[in-house]
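Asks: Next comes the sequence, and after it the predicted model I'd like to discuss.
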Amino acid sequence: MKRRNFIKKTAAGGGAYAIIGPSILANVKSTGEEEAWFDRPMRWAQLTLVENDPGQFDPDFWLSYFKRIHADAACLSAGGVVAYYPTDVPLHHRSAWLGNSDPFGYLVKGCRKMNMSIIGRTDPHATWQNVYDTHPDWIAITANGEKRRHWANPELWVTCCLGPYNLEFMTKVHDEIMERYQLDGIFSNRWAGSGICYCEHCVRDFKAFSGLDLPQSRSRLDPTYNKYSEWRTNRLKEIWILWDNVIRRRKSSARFIPNGFPDKVVTGQLSDIVFTDHQARRGSILPWSNGKVAKELRASIGMKPLGCIFSVGVEEQYRWNDSVQSEAEIRVWVAEGTANGMRAWFTKFSGTLYDKRWLDIVDKIYQVHYRNERYLKNTASMARVGLVFSEQIRNYGGEAWQQRRGDHGQGDVPCTDRRPYAF
Ligand SMILES: [Zn+2]
């Protein structure tokens, strides 16, 4: 059977998608029924604003760049640590440069005119002194009992993501963004916490769940830590469902899209669209590592649309995002994602550009994707061999042989890729 015929036949049968189906949240009630958009976008553009961008960056430059590269979907900074629209949610920090402007709304309007799908980006992992003063219990606590300063910005405090900061405050933020802008979804970065938090809510809620005190270490040999992992995963699932419901009530086709979840099976159950946040090589990571994360997710999400977030910036230890990587580096990373059925999503920090060398590189890649879109859609796995791995080992395996579980996969992936079978 020729490859095209094979793809046609398997696609007609529904392929893996028929097994997984739409997310289990599909029957949540909402105000109206809109058409599903998840499978449409093929070329994503992410612009992550920084606090001093409003009034200084040129949104029209970005809109014209999106048009030039045929981007058909955008992820734009909306709120969380900093709001890039005139929010009215109490304690939601407006950019100090915002004035009377609404750069987020301006970009949304421009993207909508180009018929792009649009999701808003929020980042709940940190907050400001006035939030600390008003709700000290929203701030993460270290094992030493101290409130946790942000590791990179001493003006900020790290938030507890498993308590009322996410459950109450960020729920209001997501509701307001959806009410005002009617987006296709909200994508939350760093929404799942930054290590074990010892705040009063985590102490009390973990005790109620397990009867135990919070673990003092992250040793996977410690049964208390294993119990903590279970509780954390459950709590994050609760938050996902809560935000997803709020979002769907404003627009039935919109979704909450988490940037990562600790359980790929649950990810497959709750998602209609998924993105990998494995942005570039660092250290000794090999190029096929990007394809490996796609293969792992296919096992649980079936053929649901999968996007590959790639950074044009440098992802090494000194992560200086105003600079950019070489063309060869960006190309090989994106090509691995595309070869594994992922849709490209470039991400750029800062609306003000200091190094423009990446613009033509991404343009060239996206032009090829645009011209060949019909071959990049409606694909199906032709795997004949499977490689089994356990996510449980990552969470619970503490023995020496269970450490660095990824190493085996790193070796097996190129072997299977370069033979006439894949997984
Ligand atoms: Zn906490």
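Replies: All right, it came through fine. This one's a predicted model, so the numbers in the text were calculated from it and none came from an experiment.
Asks: ok, residues contacting stretch 328-346?
Replies: Applying Cβ atoms under 8 Å, 6 or more residues apart in numbering, the external contacts of stretch 328-346 come out as 41-46, 75, 275-276, 280-281, 287-291, 294-295, 298, 303, 305-312, 358, 361-362, 365-366, 369, 376, 379, 381. C-beta: built from backbone N, CA, C; applies to glycine.
Asks: Name the SS class of Leu63, please.
Replies: Of the three states, Leu63 takes helix under DSSP: H, G, I helix; E, B strand; the rest coil.
Asks: One more: Asn245?
Replies: Assigned with three-state DSSP, Asn245 falls in the helix class.
Asks: so who does the residue of the stretch 251-400 of the chain found nearest the ion touch?
Replies: Distances between the stretch 251-400 of the chain and the ion by Cβ to the ion are smallest at Pro262, namely 16.4 Å. Residues in contact with Pro262 (Cβ under 8 Å, 6+ apart) are 192, 229, 232-233, 236, 395.
Asks: Return the subset of the residues you listed lying in helices.
Replies: 229, 232-233, 236, 395 (DSSP state H).
Asks: domains of this protein?
Replies: With domains defined by automatic domain parsing, the chain comprises 9-381, 383-423.
Asks: Which of those has the lowest mean pLDDT?
Replies: Looking at the domains of the chain, the lowest mean pLDDT belongs to domain 383-423 (a mean of 65).
Asks: ok, Asp175 touching Arg250?
Replies: Yes - when contacts are counted by Cβ atoms under 8 Å, Asp175 is listed as touching Arg250 (7.0 Å).
Asks: Mind checking which of those two has more residues around it?
Replies: Set Asp175 next to Arg250 and count neighbours by other Cβ atoms under 10 Å: Arg250 wins out with 20 against 17.
Asks: Now that one: closest residue in space that isn't a chain neighbour?
Replies: Spatial nearest neighbour of Arg250, chain neighbours left out: Met178 (3.7 Å); criterion: Cβ to Cβ, 6 or more residues apart in numbering.
Asks: residues contacting that neighbour?
Replies: If you count contacts by Cβ under 8 Å, 6+ apart, Met178 has them with 186, 246-247, 250-251, 254.
Asks: Now Phe256: phi and psi?
Replies: Per-residue torsions, Phe256: phi -90, psi 130 (degrees, to the nearest 10).
Asks: Now do the contacts for it.
Replies: 174, 185-186, 188, 240, 243-244, 247.
Asks: redo that, cut-off 7 Å
Replies: Contact analysis of Phe256 by Cβ atoms under 7 Å, 6 or more residues apart in numbering lists 185-186, 240, 243-244, 247.
Asks: farthest-separated two in those residues?
Replies: Gly185 and Trp240 (12.4 Å; Cβ to Cβ).
Asks: Name the stretch among the domains of the chain that sits most buried.
Replies: Ranked by mean neighbour count under mean count of other Cβ atoms under 10 Å, those are led by domain 9-381, which reaches a mean of 18.
Asks: and the chain, which of its residues are near the ion?
Replies: Proximity of the chain to the ion is confined to 160, 163, 197, 199, 202 under the rule Cβ under 5 Å from the ion.
Asks: The third one contacts Ile141, correct?
Replies: Just to be clear, that refers to Cys197. Yes - Cys197 lies in contact with Ile141 (Cβ atoms under 7 Å); the separation is 5.9 Å.
Asks: Next, the residue of the stretch 201-350 of the chain found nearest the ion: secondary structure please.
Replies: Closest contact between the stretch 201-350 of the chain and the ion, by Cβ to the ion, is at Cys202 (3.4 Å). Classification of Cys202 using three-state DSSP returns helix.
Asks: List the contacts of it.
Replies: 160, 162-163, 214.
Asks: ok, the residue positioned nearest the centre of the chain - contacts?
Replies: For the chain, the residue nearest the mean C-alpha position is Asn259 (2.4 Å; Cα atoms, centre = their mean). Each residue near Asn259 by Cβ under 7 Å, 6+ apart is listed here: 187-189, 191, 277.
Asks: do Ala45 as well
Replies: For Ala45, the contacting residues are 66, 71, 74, 346, by Cβ under 7 Å, 6+ apart.
Asks: ditto for Gly79
Replies: Gly79 makes contact with 87, 92, 122, 173, 177 under the criterion Cβ under 7 Å, 6+ apart.
Asks: So the fourth one versus Ile186, what's the distance?
Replies: To tie it back to what came earlier, the one meant is Val173. According to Cβ to Cβ, to the nearest Å, Val173 and Ile186 sit 9 Å apart.
Asks: which residues are common contacts for the two?
Replies: Thr122.
Asks: What helix or strand is Ile186 located in?
Replies: Here Ile186 is covered by strand 185-188, with elements defined by DSSP states H and E.
Asks: what does Ile118 give?
Replies: Assigned by DSSP H and E, Ile118 belongs to strand 117-123.
Asks: Show me what the very next helix or strand once past that strand is packed up against.
Replies: Downstream of strand 117-123, the first helix or strand assigned by DSSP H and E is strand 126-127. Where contact means 3 or more Cβ pairs under 7 Å, 6 or more residues apart in numbering; DSSP states H and E, strand 126-127 is packed against strand 157-158.
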